[in-house]
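The amino acid sequence is not available; the structure is as follows:
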DNA sequence: TGATGCGGCTGATTCGATTCAGCAGTGGTA
DNA sequence: TACCACTGCTGAATCGAATCAGCCGCATCA
């Protein structure tokens, strides 16, 4: 207890409190007194009671993180890692909840977090998309992670998918590809990754006077990638560069290419998005534009706890992680 | 505030408190009074202040979860999912921290959680292993998740790797395999998964009068699996059944078999451990003995919050997730 | 008729910090 | 010598619930 520390140091709890809160100068506490209190703290191994403090200050040194999916494709969890580390650096802890996409559970989780007076809430989605801020978070300090609310001007942190699209194409063009096909589309209307990557892809091709040579439609799964690509190849499809919308899809593409007797990268160069572990497991390793999930998570927490935050969207750059799937020029 | 509710209902805060804590019967509050208070609660949208409650009760309806790694190979995050869901069912939230294996950070995280009066701590590791309970958790209510402390008799929750090993072999034997090789070993002395699976594998083979035909040594990564298996095949290695110690490794094995012109499952049946998403992505889909991470996480939290928990280790069964990598008998 | 018991409720204290308002003592100034 | 300013510290209230120890009125019983 603070009272014990004060007694041990021979001062009042008030004085001890000021010293422990770094207000010694402001309150002109004598250096000797500060030293006495600090000695008492060390001596007694004093740890403040956070509940008591929170009761007065309404702050808990705790941030909430609600997500639709944390596990699954190993993405969400990297955001958590980043959030956890950034929170620690700022002397906070992360209270997390996974809604599984259930709005009712999401509501409950948010309510529970607010009851516990979290200092703010990070609202995250597994896939980049637009959302509407849940009712329960209106008026609550919050940051959107991997998603955006286009109506409000809420602080949000997303990957720079358009820049990623440009980088993917730049990699192919630098390797001499000229016939660039895109594999995958985004069937979810709210999803932002697909359209933005597409815009970047087109923009970069345009700087070389090119356009997308063609689009293989399929959703972002291994099996769909395999089947759609197989059909495309069977129909005489050909390209010297393929941009796959994510790594899983690219795995299916690899399988289809292999069955058709085409070699990566000798016959066709492949780049993809995600930069997941899977990219490194394929043979040859897949060159992939990395989703910076750890940074996204960390940045979201930093912005949440930054009183001077300006609001608006931060787009975090996506870097190319080179594998062996692009033929050297 | 509770006082507002009491005022609105025309009773004392004491009475309101008893009612809200389900002690109306015990305190023989008249049903009419109970109704008045409940109406006031609904009317005012009253939510208790958890900090105030915690200050008195020393309980926070919050559990800590410290892990060495949460992200990464998508395993840890499933434990989190299970923990989060189980916590919600018991009206708790999860405060999580990832130490990255750094003992100092781990110490800090535990300290911060204890300062915040978590009702207990789940101590988790990404890979199944033996550990020593951190100093900071001595005397603290805690449950080990995916690890065990062999010295103490602490409550811990782990997968039944030995049963998993038996199940893996049973699957191969049922398909007629007789020459069963095992790929992978565990280079980490504290790791428990490898030896236990091995014991199960041997035990199941023994019931058929068989033993492991041979062991391909390598650690549990795609590239190592590929290289070690390639060498083994090049040296004339042959088997009708392969047990791979995990799915990543099995992916490397697939690659090596493909390069050697061997077909799964026609030439060789393959089973593996993990039951990860990756298993489903391979062609043919990999038959894999599933690590029940979600259940492990949920069970750990339930035991943590069960005052009647008996201590000791719970081994959660591992089920075979059938793919197409075992040739039908 | 007084003691006893019980149903139904409440006053006052407590948890452990933060913080406002203010109080001694000292030295300087008019 | 009265006034003031400043240094260095403290008393007491406060945050919002939980809970112990009763209190009042009425029915029951010897």
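Structure's in. What do you need? Given the structure is predicted, the values throughout are model-derived calculations rather than measurements.

so where do the strands sit in the stretch 51-200 of chain A?
Along the stretch 51-200 of chain A, the segments classed as strands by DSSP state E, counting those that start in this stretch run A:62-67, A:93-98, A:121-130, A:142-148, A:156-159, A:180-183.

just the angle between the third one and strand A:93-98, please?
Compare the direction of strand A:121-130 with that of strand A:93-98 by axes from the mean of the first three to the mean of the last three Cα atoms, to 10 degrees and you get 50 degrees.

close to chain B, is strand A:121-130?
No: Strand A:121-130 stays clear of chain B (Cβ under 8 Å from any Cβ of the partner chain), getting no nearer than 10.8 Å. Where you see a C-beta, it was placed from the backbone N, CA and C, and this is true even at glycine.

list the helices and strands that strand packs on?
strand A:62-67, helix A:76-89, helix A:103-115, strand A:142-148, helix A:193-206, helix A:293-305 (3 or more Cβ pairs under 8 Å, 6 or more residues apart in numbering or on different chains; DSSP states H and E).

Mind putting these into JSON lines with mean pLDDT?
Written out in JSON lines, the entries for the helices and strands packed on strand A:121-130 read as follows (pLDDT from 0 to 100):
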{"stretch": "strand A:62-67", "mean pLDDT": "96"}
{"stretch": "helix A:76-89", "mean pLDDT": "92"}
{"stretch": "helix A:103-115", "mean pLDDT": "94"}
{"stretch": "strand A:142-148", "mean pLDDT": "97"}
{"stretch": "helix A:193-206", "mean pLDDT": "97"}
{"stretch": "helix A:293-305", "mean pLDDT": "97"}
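
For DNA strand D, which of these is the nearest?
For the helices and strands packed on strand A:121-130, the distance to DNA strand D is smallest for helix A:103-115, at 9.0 Å, taking Cβ to the nearest atom of the strand.

just to revisit the earlier point, of the helices and strands packed on strand A:121-130, give the one that comes closest to chain B.
The minimum distance between chain B and the helices and strands packed on strand A:121-130 falls on helix A:76-89, with 3.6 Å, by Cβ to the nearest Cβ.

what residues does that closest one touch?
Under the criterion Cβ atoms under 8 Å, 6 or more residues apart in numbering or on different chains, residues A:63, A:65, A:67, A:69-71, A:93-94, A:96, A:122, A:124, A:126, A:145-146, A:293-302, A:305, B:70-72, B:74, B:76-77, B:80, B:96-98, B:100, B:105, B:108-109 lie in contact with helix A:76-89.

Show me what counts as buried in that helix.
Within helix A:76-89, the residues that qualify as buried are A:76-88, counting by 16 or more other Cβ atoms under 10 Å in any protein chain shown.

Distance to residue B:114 added to those, as CSV?
As requested, these are arranged in CSV below (distance: Cβ to Cβ, whole Å):
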residue, distance to residue B:114
A:76, 27
A:77, 25
A:78, 27
A:79, 26
A:80, 21
A:81, 22
A:82, 24
A:83, 21
A:84, 17
A:85, 20
A:86, 21
A:87, 17
A:88, 15
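
of the contacts of helix A:76-89, buried ones?
Among the contacts of helix A:76-89, those scoring as buried are A:63, A:65, A:67, A:69-71, A:93-94, A:96, A:122, A:124, A:126, A:145-146, A:293-302, A:305, B:70-72, B:74, B:76-77, B:80, B:96-98, B:105, B:108-109 (criterion: 16+ other Cβ under 10 Å).

Can you pull up the residues of the stretch 1-150 of chain A that come close to DNA strand C?
Along the stretch 1-150 of chain A, the residues adjacent to DNA strand C under the rule Cβ under 7 Å from any atom of the strand are A:1-3, A:13-14, A:17-18, A:20-21, A:46-49, A:52-53, A:55-57.
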